[in-house]
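Student: Got a predicted model here, sequence first, then my questions.
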Amino acid sequence: MKKKILLLGSGELGKEFVIAAQRLGQHVIAVDSYDDAPAMQVAQEKEIINMLDGDLLDQVVAKHKPDLIVPEIEAIRTERFYEYEKQGFQVVPSAKAANFTMNRKSIRDLASKQLGLPTAKYLYASSEEELKKAVRELGFPCVVKPLMSSSGKGQSVIKNEDDISKAWEASQTKGRASGAEVIVEEFIRFESEITLLTVTQKNGKVLFCPPIGHRQERGDYQESWQPTDISETQLKEAQSMAEAVTRELTGAGIWGVEFFLCTDKVYFSELSPRPHDTGMVTLAGTQNFNEFELHLRAILGIPIPEITLERKGASAVILSSTDGKIPEVTGLDVAAGMPESDFRIFGKPVTRPYRRMGVALAYSGKNEEISSLRKRAVLLASKIKAN
Ligand SMILES: Nc1ncnc2c1ncn2[C@@H]1O[C@H](COP(=O)(O)OP(=O)(O)O)[C@@H](O)[C@H]1O
Ligand SMILES: [Mg+2]
């Protein structure tokens, strides 16, 4: 059952996915816009193209005729996926899922209007004027995001009248398209936020990973831990929402479904139809299969009977701080000296301020508190420098 997998996006999540695929004897062609991207370092073949260019994408698909097309990022001309599906290629998890989730508007309207899931109140705006109007309606503070962006790019919180112009400007220059519409959301003062990794199978029931807690800065993940505290009732609510939205989007694979938890309410926030960055905590051996192995098994149709929690874990990101090339990684000896811990270095050839270069992991099979695991992961991350 050797399959040809075309991986669209070759970052750190793609790299771990390829490693999982290699372990099961698969053939991977890793694609990205730059050479020597993390996943390319472990795949059999590579292609360097701009994946927002539909014609180039068509050419790569026609050249390799893959059994599976696996998107790892959102910035892809996903409209073409419907055509690939018609031609008989398996798009993961489905053309609809990839296409709907690349645009905040389609996924939010589907979740809120079509499925009736509770979300933050939201409006859209296509100009600074419209943004002002939307802010007046939603009140301060509120959050502005480009419709097409990820990792918090172009996203800002508007706290007062003066912030509106800046927020509009940021949304236009940092998103994937300029002159574009934005979503404005009511700011939710949540107690915590979680990622519920959800696995849909070809022939088998929907499975849920133990909930992952995480902390974000600048709209980007800094640390995550598993499991996280949540009441049984709220977990059930989140699971049923995750099941509803993944069923609607169709297809097999792992999904990172994000929720905001308030004392009296669970809000659906967004989802990605692929392994999630906060799910890197599963690399700490928290589960019987990590999120990449689960994704691979689900898309290949290999049955997954159950997902079990093996031990507690925490992850913390290792960021670079400057613009540079071929970073030198230091501090690994100190980090490696710490018990019940581990790390991954992604091997990215170029650094930028706040670019994720690696991840530090801490775990415990005993009774260590999550708060202590988090501290260990953050301490470990601080020892490793990549610049
Ligand atoms: N409406 C909101 N209220 C409060 N915090 C928010 C809201 N929307 C986003 N955030 C914060 O910003 C983070 C990133 O936002 P998200 O919508 O997940 O964007 P991205 O697609 O870039 O991950 C969230 O995980 C959360 O911490
Ligand atoms: Mg998110």
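Tutor: Now that the structure is in, tell me what you want to look at. Ligands and ions are numbered 1, 2, ... in the order given.
Student: Can you get me a residue count around the residue lying closest to residue 168 once chain neighbours are set aside?
Tutor: Excluding the flanking residues, the one nearest residue 168 by C-beta to C-beta, 6 or more residues apart in numbering is residue 128, at 4.5 Å. C-beta: built from backbone N, CA, C; applies to glycine. By other C-beta atoms under 10 Å, 15 other residues sit near residue 128.
Student: What pLDDT is listed against the spatially most central residue of the chain?
Tutor: By C-alpha atoms, centre = their mean, the mean C-alpha position of the chain lies nearest to residue 276, the distance being 3.3 Å. On the pLDDT scale, residue 276 is placed at 98.
Student: What of the one 3 residues further on?
Tutor: Turning to residue 279, the model gives it a pLDDT of 98.
Student: contacting residues for it?
Tutor: With contacts taken as C-beta atoms under 8 Å, 6 or more residues apart in numbering, residue 279 has the following neighbours: 195, 197, 209, 212, 224, 254, 256, 291.
Student: For ligand 1, see how far away residue 361 is.
Tutor: Distance from residue 361 to ligand 1, counting by C-beta to the nearest ligand atom, to the nearest Å: 21 Å.
Student: tally of neighbours for the residue nearest to that residue when sequence neighbours are not counted?
Tutor: Once flanking residues are discounted, residue 361 sits nearest to residue 284: 4.0 Å by C-beta to C-beta, 6+ apart. Here the number of neighbours of residue 284 (other C-beta under 10 Å) works out to 28.
Student: Next, work out how far apart residue 284 and ligand 1 are.
Tutor: 21 Å.
Student: swap in residue 265?
Tutor: Going from residue 265 to ligand 1 by C-beta to the nearest ligand atom gives 13 Å.
Student: Tell me how many other residues surround that residue.
Tutor: The number of residues packed near residue 265 is 12, by other C-beta under 10 Å.
Student: go on, the one 4 residues further on?
Tutor: A count of neighbours around residue 269, defined by other C-beta under 10 Å, yields 20.
Student: Over to residue 385?
Tutor: Here the number of neighbours of residue 385 (other C-beta under 10 Å) works out to 18.
Student: now residue 25
Tutor: By other C-beta under 10 Å, neighbour count at residue 25 equals 9.
Student: Leaving out the residues flanking it, which one is nearest to it?
Tutor: Excluding its sequence neighbours, the residue lying closest to residue 25 (C-beta to C-beta, 6+ apart) is residue 2, at 5.7 Å.
Student: how many neighbours does that neighbour have?
Tutor: The tally of other residues near residue 2 (other C-beta under 10 Å) stands at 9.
Student: Then residue 328?
Tutor: Residues lying near residue 328 (other C-beta under 10 Å) number 9.
Student: Could you report the pLDDT at the closest residue in space to it that isn't next to it in sequence?
Tutor: The shortest distance from residue 328 to any non-neighbouring residue, by C-beta to C-beta, 6+ apart, is to residue 387 (7.0 Å). Note for residue 387: predicted pLDDT of 93.
Student: does residue 387 really touch residue 350, like I thought?
Tutor: No. Assessed by C-beta atoms under 8 Å, residue 387 is found out of contact with residue 350, at 11.3 Å.
Student: Which neighbours do these two have in common?
Tutor: Contact criterion C-beta under 8 Å, 6+ apart; residues shared by residue 387 and residue 350: residue 324.
Student: ok, which residues in the stretch 251-387 of the chain are in contact with ligand 1?
Tutor: With C-beta under 6 Å from any ligand atom as the criterion, the stretch 251-387 of the chain meets ligand 1 at residues 258, 269, 270.
Student: Between these, which sits nearest residue 46?
Tutor: The closest of these to residue 46 turns out to be residue 270 (C-beta to C-beta; 29.8 Å).
Student: wait, is the closest one part of a helix?
Tutor: No. Counting by DSSP: H, G, I helix; E, B strand; the rest coil, residue 270 falls outside a helix, being strand.
Student: low pLDDT regions in the stretch 201-350 of the chain?
Tutor: Across the stretch 201-350 of the chain, nothing is flagged by pLDDT under 70.
Student: Where do the strands of it begin and end?
Tutor: Taking DSSP state E, counting those that start in this stretch, the strands of the stretch 201-350 of the chain run over residues 207-208, 212-217, 220-226, 253-262, 265-272, 312-319, 324-325, 329-330, 341-345, 350-351.
Student: Which elements pack onto the very next helix or strand once past the last one?
Tutor: Beyond strand 350-351 in the direction of the C-terminus, DSSP states H and E gives the next helix or strand as strand 356-364. In terms of contacts (3 or more C-beta pairs under 8 Å, 6 or more residues apart in numbering; DSSP states H and E), strand 356-364 is packed against strand 312-319, strand 341-345, helix 370-383.
Student: who does the helix or strand following the last one pair up with?
Tutor: What that stands for is helix 370-383. Sequence-wise, the next helix or strand beyond helix 370-383 is strand 385-386, with elements assigned using DSSP H and E. Strand pairing for strand 385-386, determined by DSSP bridges: strand 329-330 (antiparallel).
Student: now what about the strand it pairs with, what contacts it?
Tutor: Contacts to strand 329-330, defined as C-beta under 8 Å, 6+ apart, come from residues 345, 357, 358, 384, 385, 386.
Student: now the helices for the stretch 51-200 of the chain?
Tutor: 54-64, 80-86, 95-101, 104-109, 128-138, 163-174 (DSSP state H, counting those that start in this stretch).
Student: one step back: contacting residues around the residue nearest to residue 328?
Tutor: Residue 387 makes contact with 320, 321, 322, 324, 327, 328, 351 under the criterion C-beta under 8 Å, 6+ apart.
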